[in-house]
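Student: what's the 3D shape of this:
(2 chains)
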Amino acid sequence: MSGQQHSTQLQSDGRVPDGTLLEVTDLTTHFRTERGLVRAVDGVTFSLARGKALGVVGESGSGKTVLSRTIMGLLPSNAVNSGSVRFAGQEVLGLDAKQMRHLWGREMSMIFQNPMVSLNPLMKIGKQIQEPLHIHLGLDGRAARETAEQLLREVHIPEPTKRLDQYPHELSGGMRQRVMIAIAMACGPTLLFADEPTTALDVTVQAQILELIGEQRRERNMSVILVTHDLGVVAGHTDEIAVMYGGRLVEKAPTRELFANMKMPYTKSLMRSIPKLDDPSHTRLLTIPGRPPDLVNPPKGCRFAPRCAYARDKCLQEEPPLVTADTSPDHVYACWYPVGSPEFRERDAEIMATITTGVELGGTR
Amino acid sequence: MAGTGTAHLRDGDAVLRVEDLVVEFPIGRHQTVSAVAGISFDVMPGETLGIVGESGCGKSTTGRAIMQINEPTSGSVVFQGRDLTELSPEELRSARTKIQMIFQDPISSLNPRRKVRDSVKDPLDIWRRGTEQERFDLVDSVLEQVGIDPARAAESRPHEFSGGQCQRISIARSLVLDPTMIICDEPVSALDVSVQAQVLNLLEDLKAKYGLTLIFIAHDLAVVKNISDRVAVMYLGKLCEVADSDDLYARPAHPYTNVLVESIPVPDPEVAVTRAAAIGEPPSPVAPPSGCRFHPRCPNADELCSTTEPEIREIAPAHYVACHHPNVTPVTIGS
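Tutor: Take a look at the predicted model:
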């Protein structure tokens, strides 16, 4: 893709013609640490259209959280960036906090995993929602309070007037997460980051919160980046999914296409390790042996190869490039022997045979 | 007490038999909250009982009350024929070696300042089991069983291990005293799915190898289904439904169980997102609703539900439910 040239044009007229809101090109985020350079995000390229929801999926340490924080400009001082992040046609990578402040809240906002820690325990709910209204929109007094109440109503919090004068500890976990969403929505952002927004919540509440985020997205034509380790969460609530591993984007496709035609053995393995309700109890789960790679010294070749049951010598030597899948032009993956290839099928038959005979697999590579 | 009942208790030699367990906590002046409000269940040798429910339903308190960590207000906890609530502190200490517990946050349940091999050896030192050499040998063999390199464990502290590895270490520590029963309180909820699968498989293997009986407490129904033989669903300190794992998920009779099952995100975009879940959150256990505690959120509720608490009853063989209007009509399965 002629990304560079294309984006220069965008900058000149300041508008995005094709509805692209976010364009990330060859983004790296490295951290200088005592152990050496941690390559948390290592050359990631993707774009996101207005009003669409992208799921970013991976295990702990895959770089998914650092990716969203890089785009938001929320990195500690030991971070080193390169590449490009264009938001609504404007380069935002490298902007300092003072410049980013114009975007935070108004253009981009974020909800976090733990609503108890993210809310100020000493400040009333109403005040916390009014703060961004005051700072970014200049709303004060009655107008701010009325807007705050309206926001609480929109996130379906019962008795919003009463809630304005309550403290976070008086609310349940689900209600607190609704407050976080209200705060994130306060200034009508065009891009919302939701970083594991439901991990700390019960399943019943999780379903409600995901539904709420979807509802807000449709009403406001807002883009959403949903960061999670749970493929179940992204399946029903995203348009596209990006799978990250070891700081790299290893597969990306429209949601239905991804689930129908997974190419990366990593994505497939993640899928298989989820206990399914349809399986009888005591069904043996397929696991991914080992741990995600050390990002100071990532393995040579494919970063997943040391844990991949389907890896061959080539995988350990040469890093596979992102290629387009034969099933869809919007589907890219990085694997030498993708799901469905003869090499994959051959190995998969062996693995399935050992599973059914009850021999434990894994840890051999 | 209404709404509880003991119809689902089985005859025979249960390892653990809990009857009418009540756990109350004081809150403020002369007020109490019943975290567990009169529940009964039993666990047979070699069985895995799953306990599921939302936050605040009392599932963790139940686990802790079995261990007598939270002292039960009333009720009995009979473990291998002895009522743990009546034991002297010394007898209780000894009985507890046979019941072990593992927790949700594996890293904070290990002492950060100690080498993990020493932490795993601790129970053996406290009970002076065998010689020093025998203790180390046992610890090393158990560590190997759970997939942790003993040499590394001897050199490293908890922070040098991942969450999944720390949970393996916690499991090793719970095994060294050769327990009969392990109570697992949300052991995999803090772990990535890939690691979660490893730990679940490990628990199954160890259960078979050591002949363990497990109580598995979690909010994730798919996880509970995978590991359990029998599942008990709790809501606001009460039992809603008890059944064999496969049967419970195939035919959830209690409307609450149905809501829980429907809320699980299915990793398949072709499956439409159900909206059965959108009925608010559990009320506060400080002032629980009258009658059936689930009635304000229940699609099947009527007058009766708001006034009278349902008794637990058998609606199909080995399938018990505490509901006036269960979702399925009583059917006979098999013979």
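Student: going forward, measure contacts between C-alpha atoms and count neighbours the same way
Tutor: Noted.
Student: next, the contact list for residue B:220, please.
Tutor: Residue B:220 makes contact with A:203, B:52, B:189, B:264 under the criterion Cα atoms under 8 Å, 6 or more residues apart in numbering or on different chains.
Student: drop anything exposed from those residues.
Tutor: The neighbour count (16 or more other Cα atoms under 10 Å in any protein chain shown) marks A:203, B:52, B:189, B:264 as buried among the contacts of residue B:220.
Student: for the stretch 1-150 of chain B, which residues are neighbours of chain A?
Tutor: Within the stretch 1-150 of chain B, the positions adjacent to chain A are B:54, B:55 by Cα under 8 Å from any Cα of the partner chain.
Student: residue of the stretch 1-150 of chain B closest to chain A, please.
Tutor: Closest to chain A within the stretch 1-150 of chain B is residue B:54: 5.7 Å, counting by Cα to the nearest Cα.
Student: out of the buried ones among the contacts of residue B:220, which sit inside strands?
Tutor: Mapping the buried ones among the contacts of residue B:220 onto strands (DSSP state E) picks out residue B:52.
Student: in a markdown table, list the buried ones among the contacts of residue B:220 along with distance to residue B:62.
Tutor: A markdown table is the format used below for those (distance: Cα to Cα, whole Å):
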| residue | distance to residue B:62 |
| --- | --- |
| A:203 | 20 |
| B:52 | 11 |
| B:189 | 18 |
| B:264 | 24 |
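Student: could you give the mean pLDDT of the helix or strand containing residue B:50?
Tutor: According to DSSP states H and E, residue B:50 maps onto strand B:48-52. Per-residue pLDDT over strand B:48-52 has a mean of 96.
Student: for stretch A:135-148, same thing?
Tutor: pLDDT averaged over stretch A:135-148 gives 91.
Student: how far away from the center of its chain is that stretch?
Tutor: 31 Å (Cα atoms, centre = their mean, to the nearest Å).
Student: list the buried residues of it.
Tutor: For stretch A:135-148, by 16+ other Cα under 10 Å, it's A:136, A:139, A:144, A:145, A:147, A:148.
Student: cool, and stretch B:145-161?
Tutor: Within stretch B:145-161, the residues that qualify as buried are B:145, B:146, B:148, B:150, B:153, B:156, B:157, B:158, B:161, counting by 16+ other Cα under 10 Å.
Student: switch those over to a markdown table; also include pLDDT and secondary structure.
Tutor: Below are the buried residues of stretch B:145-161 laid out as a markdown table (pLDDT from 0 to 100; DSSP: H, G, I helix; E, B strand; the rest coil):
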| residue | pLDDT | secondary structure |
| --- | --- | --- |
| B:145 | 92 | helix |
| B:146 | 93 | coil |
| B:148 | 93 | coil |
| B:150 | 94 | helix |
| B:153 | 94 | helix |
| B:156 | 94 | coil |
| B:157 | 94 | coil |
| B:158 | 93 | helix |
| B:161 | 90 | coil |
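Student: report how many residues lie close to the closest residue to chain A within the stretch 101-250 of chain B.
Tutor: Going by Cα to the nearest Cα, chain A is nearest to residue B:226 of the stretch 101-250 of chain B, at 4.3 Å. By the criterion of other Cα atoms under 10 Å in any protein chain shown, residue B:226 has 25 neighbours.
Student: that one is in what secondary structure piece?
Tutor: Counting by DSSP H and E, residue B:226 is found in helix B:221-227.
Student: so what does that helix touch, helix or strand wise?
Tutor: The elements that helix B:221-227 packs onto, with contact taken as 3 or more Cα pairs under 8 Å, 6 or more residues apart in numbering or on different chains; DSSP states H and E, are strand B:48-52, strand B:213-218, helix B:245-250.
Student: give me the angle between the first one and strand B:213-218.
Tutor: By that I understand strand B:48-52. For strand B:48-52 against strand B:213-218, the angle by axes from the mean of the first three to the mean of the last three Cα atoms, to 10 degrees is 20 degrees.
Student: for strand B:48-52, which helices and strands make contact with it?
Tutor: Helices and strands touching strand B:48-52, by 3+ Cα pairs under 8 Å, 6+ apart, are strand B:213-218, helix B:221-227, strand B:230-235.
Student: could you dump those to JSON lines with mean pLDDT and distance to residue B:256?
Tutor: Listed next are the helices and strands packed on strand B:48-52 as JSON lines, based on pLDDT from 0 to 100; distance: least, Cα to Cα, whole Å:
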{"stretch": "strand B:213-218", "mean pLDDT": "96", "distance to residue B:256": "16"}
{"stretch": "helix B:221-227", "mean pLDDT": "93", "distance to residue B:256": "13"}
{"stretch": "strand B:230-235", "mean pLDDT": "96", "distance to residue B:256": "8"}
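Student: before I go, just wanted to say thanks for your time.
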